[in-house]
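Engineer: Build me a model from this:
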Amino acid sequence: MLKPPISRMGGKSKLRKTIISMLPEHICYVELFFGAGWVYFGKQPAKVEVINDIDKELINLFRMIKYHAPEVERMLQYDFSGRDIFEEYKNESIGNLTEINRAVRFLYLITQSFASKCGNYGYGTNTKPGQQIFYTETLKNLKERLRNTYVENLSFEKIIDKYDREYTCFFADPPYFETAGYANDFGEKEHLLLRNKLSNIKGKFILTINDHEKVREWYKDFNIKEVQVNYSVSREKKARGKYKELIVTNY
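Structural biologist: Residues are numbered from 1 along each chain as shown. Sure thing, here's the model as predicted:
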């Protein structure tokens with residue numbers, strides 16, 4: 001299993017073994033909301049694989065790792081964790097940057113920010129700075145994993161329309177319902193659109209979502225597995241602890 005180069009809110013580090021064990025046989029594997037890619041980097045490669053995310057900077061990062069890993073490493077190897085450097089990257093206009101420069105900027109911000117949200121500089125008294133330096137062997141492994149993968153930056157509904165076949169397995173890990181902290185708005189309208197699209201596919205899907213009464217109602221006609229996940233990334237102690245999540249499948 002490979003470790004993703006970044007962390008992401010809602011990442012599946014604690015659930016990926018469970019999810020991978022539940023994947024059906026497939027020829028084409030599609031992630032609709034890629035994020036950090038914990039499941040993708042943990043599973044055995046399929047014949048055809050597709051990773052998609054609406055976040056342009058995230059997808060650009062993985063494209064640059066795929067095609068220009070040595071240059072990304074070269075530009076980051078002498079950087080260190082510093083508040084001023086963080087603010088410079090944060091306030092830089094991406095319109096003036098090359099795709100490689102954008103990838104370096106994004107990688108620095110996400111590894112040096114609190115909870116990997118790119119907003120505030122992350123620091124601590126009992127933890128080391130986030131690791132933004134990726135050594136040659138690490139990047140080489142990530143590059144090899146991405147070699148035969150289609151990297152998309154489209155809405156989830158367009159990806160479903162393009163790649164849906166009887167032999168396709170979709171993994172959906174959308175922003176959780178009525179949960180704060182996500183960069184993109186994803187409300188009831190979007191969740192119902194996703195449910196409707198997944199309800200009519202030819203292939204199979206596996207979806208992870210927070211346990212909410214509305215979510216249970218939306219997916220009542222599918223198989224629902226309840227799991228518990230321990231979350232610890234929060235400034236407020238009351239927000240930490242075990243939470244129920246749902247794994248929904250149509251098989």
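
Engineer: Now stretch 33-46: buried residues?
Structural biologist: With burial defined by 16 or more other CB atoms under 10 Å, the residues of stretch 33-46 counted as buried are 33, 34, 35, 36, 37, 38, 39, 40, 41, 42, 43, 46. Glycine gets a C-beta too; all of them are placed from N, C-alpha and C.

Engineer: Kindly reformat these as a markdown table containing distance to residue 4 and pLDDT.
Structural biologist: Shown next, in a markdown table, are the buried residues of stretch 33-46 (distance: CB to CB, whole Å; pLDDT from 0 to 100):
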| residue | distance to residue 4 | pLDDT |
| --- | --- | --- |
| 33 | 14 | 96 |
| 34 | 10 | 95 |
| 35 | 8 | 89 |
| 36 | 4 | 88 |
| 37 | 5 | 93 |
| 38 | 6 | 93 |
| 39 | 10 | 96 |
| 40 | 8 | 96 |
| 41 | 5 | 94 |
| 42 | 9 | 94 |
| 43 | 12 | 96 |
| 46 | 18 | 97 |
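
Engineer: Mind checking which of the residues you listed are in strands?
Structural biologist: Using DSSP state E, no member of the buried residues of stretch 33-46 falls within strands.

Engineer: which one among these gets closest to residue 27?
Structural biologist: residue 46 (6.4 Å; CB to CB).

Engineer: Name the nearest of the buried residues of stretch 33-46 relative to residue 109.
Structural biologist: Nearest to residue 109 among the buried residues of stretch 33-46, with distances taken as CB to CB, is residue 36, at 14.3 Å.

Engineer: Isn't the closest one up against residue 7?
Structural biologist: Yes. Here residue 36 reaches residue 7: they are 5.9 Å apart, a contact under CB atoms under 8 Å.

Engineer: list residues touching both of the two?
Structural biologist: Counting by CB atoms under 8 Å, 6 or more residues apart in numbering, the contacts common to residue 36 and residue 7 are residue 13.

Engineer: about what we covered before: distance to residue 154 added to the buried residues of stretch 33-46, as CSV?
Structural biologist: Formatted as CSV, the buried residues of stretch 33-46 follow (distance: CB to CB, whole Å):
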residue, distance to residue 154
33, 12
34, 11
35, 15
36, 19
37, 17
38, 21
39, 19
40, 17
41, 21
42, 24
43, 22
46, 20
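
Engineer: Let me know the closest of these to residue 59.
Structural biologist: Residue 59 lies nearest to residue 34 out of the buried residues of stretch 33-46, by CB to CB, at 7.5 Å.

Engineer: list the contacts for the closest one?
Structural biologist: Taking CB under 8 Å, 6+ apart as the contact definition, residue 34 lies against 40, 51, 52, 53, 58, 59, 62.

Engineer: Need phi/psi at the fourth one.
Structural biologist: What that stands for is residue 53. Dihedral pair for residue 53: phi -150, psi 150, per degrees, to the nearest 10.
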